[in-house]
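>>> Based on what follows, work out the 3D shape:
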Amino acid sequence: MTVPPRLIAATPRRRFLAAAGSLWGATTLTACAPAAAPPAAPQSQTAAAAPAAWEREWERLTTAARAEGKLVVATLAGDGRRKVVTAFQDAFPGIVVEHQSFSSASLFLPKLLQERAGGIFNWDIYLGGTPTMLQEQKRQGALDPIRPLLFRPDVIEDRGWRNGFEFGFVDENKQLAFLTMEYAQLFMSLNTGLVPEGTIKTVKDLLDPRWKGKIAMADARSGFIFPAMIAIKENLGEEAVRQLVVGQQPVFIRDARQLVESVIRGQFPVGLGTDHVVVRDFQAQGVGEHVKQTDLPEARAVTRAGVMFLINRAPHPNAAKLFANWFLTKDAQGQATKLMEENSRRADVPATDPALAPVAGAKYYYPNREESLKLTPPMQELLQKLLQ
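All right, here's what the predicted structure looks like:
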């Protein structure tokens, strides 16, 4: 029953009891009310506590790959490449890697196609060069897109790669082949006892009449020098190629060691298409310290490259996906550059050989890119015509 206000005012005891009752009622309601929820944790803290989606996928993938228990990899020849695939096996116990090396993709391809014709699908990953793989295996349907396999943020972020992540795909559709390693060619060797450094800075300098008959050159129609010749044609036109291989009257030497030796001995002050490996072999023996290797802006080419492919109908798809992502991480590429003695395309991995790392911002001809393959037949035809 509600006490009339005037009675509360007139009767002190009743006013006290009413006030006390009101206080009790309020206290009782407060006690019976649901407890307030604790303050919510900031969303950033909650998100940080939970694994990211890619981390959950990495864990799932590792488990699935171990369940498959095997990975079959083909590579170009070289003990360093064998050590790289062994490093993957060590990083993921429970996955046995079968590895076979081939001196060229042209030897791997017949074996692969013969097996496929018999319904045998043995291979997961191929690490090697591009032309044969893209010209033949793509046509034969022996490759699957490798792009959908790559998901780690540290793998697909542009900042991790020279020229960005996208540049790594060397096939025209940017799906099948990813460039991992690259070597820039040192096109020219100079005997600095006869030609001071800095005398020849460009191909145009090389076309000066004073070098007529004083140039030793690898066979321009094939081999190590061919990519540089395409670069010269693309940058300066056919006339520059004609002037170099005909007008300057170079002496063509097919043997790589003989070519380098002719520069070391001063028989020719300039050598074009000299292999840096051969030059360094001589210098390691204390011979040829006066020979300086360099490139020329119009002749820049990346002549040695490592490309990763996913073989169609790979029998161990989870292990292949795990390897593809692992191999492109900073840590794995760091191991690979040391083991294979090649330069990674990753921007955050120091070059094993800085002298052979592409110059930042410079234009290079990449013979391993699919769009470059169409430049080869016209160049071969031109050189055959000039040198017949």
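
>>> pull the longest strand from this protein.
When the chain is scanned for its longest strand (criterion: DSSP state E), the result is strand 302-311.

>>> now the helix or strand that that one is followed by: how far from the chain's centre is it?
Counting by DSSP states H and E, the next helix or strand C-terminal to strand 302-311 is helix 317-327. Taking the mean of its C-alpha atoms, helix 317-327 sits 15 Å from the chain's own mean (Cα atoms, centre = their mean, to the nearest Å).

>>> Helix 317-327 versus strand 302-311: what angle between them?
Our comparison of helix 317-327 with strand 302-311, counting by axes from the mean of the first three to the mean of the last three Cα atoms, to 10 degrees, yields an angle of 150 degrees.

>>> who does the helix or strand following helix 317-327 touch, helix- and strand-wise?
The C-terminal neighbour of helix 317-327 among helices and strands, as given by DSSP H and E, is helix 330-340. Applying 3 or more Cβ pairs under 8 Å, 6 or more residues apart in numbering; DSSP states H and E, one finds that helix 330-340 makes contact with helix 79-91, strand 177-184, helix 317-327. In short, each C-beta sits where N, CA and C put it, glycine included.

>>> nearest to Pro354, of those?
With Cβ to Cβ as the measure, strand 177-184 is the member of those nearest Pro354 (10.4 Å).

>>> Find me the pLDDT at the residue nearest the centre of the chain, would you?
Geometric centre of the chain, nearest residue: Thr180, 2.1 Å, by Cα atoms, centre = their mean. Predicted confidence (pLDDT) at Thr180: the value is 95.

>>> again with Leu7
Model confidence at Leu7, expressed as pLDDT, equals 28.

>>> what's the answer for Val302, then?
90.

>>> Val72 too?
What the model reports as pLDDT for Val72 is 98.

>>> What values do phi and psi take at it?
Dihedral angles of Val72 (phi, psi; degrees, to the nearest 10) stand at phi -120, psi 120.

>>> same question, Leu272
When quoted as degrees, to the nearest 10, the phi and psi of Leu272 stand at phi -120, psi 130.

>>> What distance do you get for Val291 to Ile225?
For Val291, the distance to Ile225 equals 17 Å [Cβ to Cβ, to the nearest Å].

>>> and those two? which has more neighbours close in?
Set side by side, Val291 and Ile225 give different neighbour counts by other Cβ atoms under 10 Å, the larger being at Ile225 (24 against 19).

>>> so what's that one closest to, chain neighbours aside?
With Cβ to Cβ, 6 or more residues apart in numbering as the criterion, Ile225 has its nearest non-adjacent residue at 3.0 Å, and that residue is Gly273.

>>> my guess is that neighbour meets Leu186, correct?
No: counting by Cβ atoms under 8 Å, Gly273 does not reach Leu186; the two are 10.0 Å apart.

>>> Quick check on these two: which one has the bigger neighbour count.
Neighbours per residue (other Cβ under 10 Å) separate Gly273 from Leu186, with Gly273 holding more: 27 against 21.

>>> May I see the buried residues of the strand or helix carrying Ala65?
Assigned by DSSP H and E, Ala65 belongs to helix 53-68. Judged by neighbour count using 16 or more other Cβ atoms under 10 Å, the buried positions of helix 53-68 are 54, 58, 61-62, 65, 68.
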